[in-house]
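Asker: what follows is a predicted protein model with its sequence.
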Amino acid sequence: VSVYAGLYPQGSRARRRLPGTGLVRKLARLRFASARARLLELRGRLVVFDRYPYDAILPTKGRASMRSRLRRWLLAHSCSRPELTILLDAPAEVLFTRSGEHGIEALDGQRRRYRALASRLELPVVDTDTDADAVLRETTACVFVVLGRLKQRLRWNAPDVGACSPGRRLAVGPGPIVDA
């Protein structure tokens, strides 16, 4: 099951009548996505997030105000931590060719910030500047490694569970990918 948990969904620029309502709506949407994922997980489903609020902990370009740091902290902690996050990485030129959004310089800066985040959080990075089958193989391998660890943990902690493991949440996207 795929769940969108990015910070900036399409069409999200709504007029705000009161200060803070945009943040409250965003936090509510992310908490709902997290609760939905948890419910699906309890039903034994594997949940893949398309995007994840890790955008909020990307290194900033300059010094952020206290208000901005608080907002970013709230957004970053609005969903429970995923079992696995995979950063899907592509050069700025490739991203620009695919989407046409932003400039190559801006995309390259964003890519560097995502790679720094992946390094800090020790996330696997998958190069998407290759054929789709190779990306799928590498991403699937990461997922199966984590599922194998989860299965071992379940057997160790609850031997009566048997071979059936509960679902897990994963996030996938142009930033953090497999994680939830």
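Answerer: Alright, I've got the coordinates. Note that the structure is predicted; figures quoted are calculated from it, not measured.

Asker: so which bits of the helix of greatest length in the chain are buried?
Answerer: Counting residues, the longest helix found in the chain (DSSP state H) is helix 132-157. Using 16 or more other C-beta atoms under 10 Å as the test for burial, helix 132-157 gives 135, 138, 139, 142, 143, 146, 147, 150, 154. All C-beta spots, glycine's among them, are computed from the backbone N, C-alpha and C.

Asker: again with stretch 60-72
Answerer: Buried residues in stretch 60-72, counting neighbours by 16+ other C-beta under 10 Å, are found at 71, 72.

Asker: next: stretch 113-122.
Answerer: Buried residues in stretch 113-122, counting neighbours by 16+ other C-beta under 10 Å, are found at 113, 114, 117, 118.

Asker: so which of those residues comes closest to residue 78?
Answerer: Using C-beta to C-beta, residue 117 comes nearest to residue 78 of the buried residues of stretch 113-122, at 16.7 Å.

Asker: ok, back up a step: which of the buried residues of stretch 113-122 fall within strands?
Answerer: Judged by DSSP state E, strands contain none of the buried residues of stretch 113-122.

Asker: distance of the residue nearest the centre of the chain relative to residue 151?
Answerer: Closest residue to the average C-alpha location of the chain: residue 52 at 2.8 Å, with C-alpha atoms, centre = their mean. Using C-beta to C-beta, to the nearest Å, residue 52 is found at 23 Å from residue 151.
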